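Colleague: Any chance you could fold what I've pasted below:
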Amino acid sequence: MYVDFFDLLPFYAILRSIPNKLLGVISMFVAILILLVLPFTDTSSTKGSTYKPLYIIAFWIFALNFLVLMWLGSCHVEPPFIIAGQIATAYYFLHFLFILPIFGIIDNVLSLLGISWNALPKNVPKIIEKPKKVELSKEEYKK
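Modeller: Just a heads-up that it's a prediction; the model follows:
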């Protein structure tokens, strides 16, 4: 099935998942506008996700949720799709309003305690690897 506006399908699924028409329209616009407040909801002192394994997991869950919302936006309005859309919509808003700030607070507390994600015991599998520092000689740098 080919849909012209596939990039707007997740927001259309959010619109359809709320039974009240006015609240559905408001939630659709809030879902778009919530992306503008994203820099303010990241309460972590460390910017970027390189050293935040919890955030990396939450990001990939959010990406999967976004794809599910995209698929649900192209489906017919029937009972199993409506309930799945409501669950995916709830996670969409929870990710921005609760999960990101809570993970930022956890990251700040761990950094205040001096606990680093890279200082985990060796038997705990690491989700990310520490980037390797590459040093170039002057001759290599000039090339």
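Colleague: how about the helices of the chain, start to end?
Modeller: Counting by DSSP state H, the chain has helices at residues 9-17, 21-33, 38-41, 53-74, 79-94, 100-112, 138-142.
Colleague: and these, which is most packed in?
Modeller: helix 9-17 (a mean of 22; mean count of other C-beta atoms under 10 Å). Quick note: C-beta positions are derived from backbone N, CA and C, even for glycine.
Colleague: That one versus helix 79-94: what angle between them?
Modeller: 110 degrees (axes from the mean of the first three to the mean of the last three C-alpha atoms, to 10 degrees).
Colleague: The most centrally placed residue in the chain: what's it in contact with?
Modeller: Geometric centre of the chain, nearest residue: F59, 3.7 Å, by C-alpha atoms, centre = their mean. Taking C-beta atoms under 8 Å, 6 or more residues apart in numbering, we find F59 in contact with S49.
Colleague: For it, report the pLDDT, please.
Modeller: pLDDT, F59: 91.
Colleague: swap in S111?
Modeller: For S111, pLDDT reads 77.
Colleague: thinking again about what came up before, could I get the helices of the chain in CSV, plus columns for distance to K47?
Modeller: As requested, the helices of the chain are arranged in CSV below (distance: least, C-beta to C-beta, whole Å):
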stretch, distance to K47
helix 9-17, 26
helix 21-33, 22
helix 38-41, 9
helix 53-74, 11
helix 79-94, 22
helix 100-112, 10
helix 138-142, 27
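Colleague: Tell me, how many residues neighbour T46?
Modeller: 16 (other C-beta atoms under 10 Å).
Colleague: which residues touch the closest residue to it other than its chain neighbours?
Modeller: Spatial nearest neighbour of T46, chain neighbours left out: D107 (6.0 Å); criterion: C-beta to C-beta, 6 or more residues apart in numbering. With contact set as C-beta under 8 Å, 6+ apart, D107 has these partners: 44-46, 52, 54-55.
Colleague: Need the max-distance pair from those residues.
Modeller: Greatest spatial distance in the contacts of D107: S45 and L54, 14.9 Å, computed using C-beta to C-beta.
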